Each structure stands twice: as structure tokens, then as C-alpha cells.
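Undergrad: this one's structure only:
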């Protein structure tokens, strides 16, 4: 119960962070946008997307997917995927993320992180494979724990199905919103 509450709280806080300091006009005109803030203490720029995919039907078992970005020389680039899971085994290692697209084609990624029991998995270390899964709508997503082989398959809603297409459009069209970091 404590784990379920923590996971649900974590997902909600990530969603709130992704929506801070934006205007109503931005939310309406940009289905997905990239937020950038500069930390006043470190002068480091932080970059994150406005949405995640929360792949769970009951809030207890499932995973979230967030696209990671980096900003170098005033250009924002895709950096990989971060997945946080709950109820899909106790510890994660050598996980697999499989996308099934509407045309029934599939694409699979293997995680690169070390063994951990925090439910974190990282995919596409060098940011090379984004074009493999950003041009088609998603029919289903499966995360398989490479240690215990437990898995969870999620069928996204019609709006979630085009998540990666929206991310690609935001990058291509430079849909970046400058926001204030928490001071």
C-alpha cells in the first residue's frame, strides 16, 4: 500500500512539474511542448516535456514513460527514454520495452542501466533510435522486467497513441516554452 501511494504520488508530482508556469494559450496551442528553465543557483538549464505516458489501469501496477532531453548550444535534442515502473517485479535489470504500432509493426528497446530496485529503467543511451518509434501511432506498449521476466502491457488511449509523434513535432517545430525553475 505504501509503495502504491508513493508511485501514484510520484506520477502526479511529475505531471504537476511538467505543467508549471505555462499559460492557458500555450496548453491549448501546443499538444506537447518542451519546457526549459535555468536554475538561478547553478546556471544549469533543465529540460523536460510537458507530458508523460502513464501506463496503468489501476494505479498500482504499470509504468510511466518520459522522453529525456538535453540542451546544448541553444539546441534541444532527444536524449532517450526514462521508465519508472511499479508492480512489475521487485528489481529491474536488462528490461525490454516493446512498441506495437497500429500497422502491427513492432519495435523493441533494451534498457542500459545497472541493476536497481527503484523501478527505474533507461532506454536509448545515445539517443539514436527516436526515429524508429515517432512516426506511427502506438497500439500497445509492453515493459518486461529482464530480471524476473514479469511484464505489463498497456493499450494507450486514442490521445496517448500519438505521444511520440507529438514529441517529434515539438522538436521539429521548436515548440519550447521557457518557464521558471523552483527557486
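TA: Everything's here; your move. Predicted, not measured: the structure shown is a model, and the values here were computed from it. Numbers count the residues shown, from 1 in each chain.

Undergrad: State the number of residues packed around residue 59.
TA: Using other Cβ atoms under 10 Å, residue 59 has 15 other residues around it. Any C-beta I mention is one placed from the backbone N, CA and C, and that applies to glycine too.

Undergrad: How about the secondary structure of it?
TA: In terms of secondary structure, residue 59 is coil; the call rests on DSSP: H, G, I helix; E, B strand; the rest coil.

Undergrad: so where's this structure shaky on pLDDT?
TA: Applying pLDDT under 70 to the chain flags the ranges 1-30, 183.

Undergrad: if I pick residue 76, what's in contact with it?
TA: Residues in contact with residue 76 (Cβ atoms under 8 Å, 6 or more residues apart in numbering) are 34, 36, 47, 69-70, 171, 174, 176.

Undergrad: so the spatially most central residue of the chain is in which element?
TA: The geometric centre of the chain, computed from its C-alpha atoms, lies nearest to residue 66 (Cα atoms, centre = their mean), at 1.0 Å. Using DSSP states H and E, residue 66 maps to strand 62-72.

Undergrad: residues of the helix or strand following that strand that come out buried?
TA: Sequence-wise, the next helix or strand downstream of strand 62-72 (DSSP H and E) is strand 75-86. Under the neighbour-count criterion of 16 or more other Cβ atoms under 10 Å, strand 75-86 has 76, 78-86 buried.

Undergrad: Next: stretch 130-145.
TA: Within stretch 130-145, the residues scored as buried using 16+ other Cβ under 10 Å are 130, 133-134, 136, 138-145.

Undergrad: Equivalent analysis for stretch 169-183, please.
TA: With burial defined by 16+ other Cβ under 10 Å, the residues of stretch 169-183 counted as buried are 169-171, 175-177, 179, 181.

Undergrad: Those residues in strands, which ones?
TA: Of the buried residues of stretch 169-183, the ones assigned to strands by DSSP state E are 176-177.
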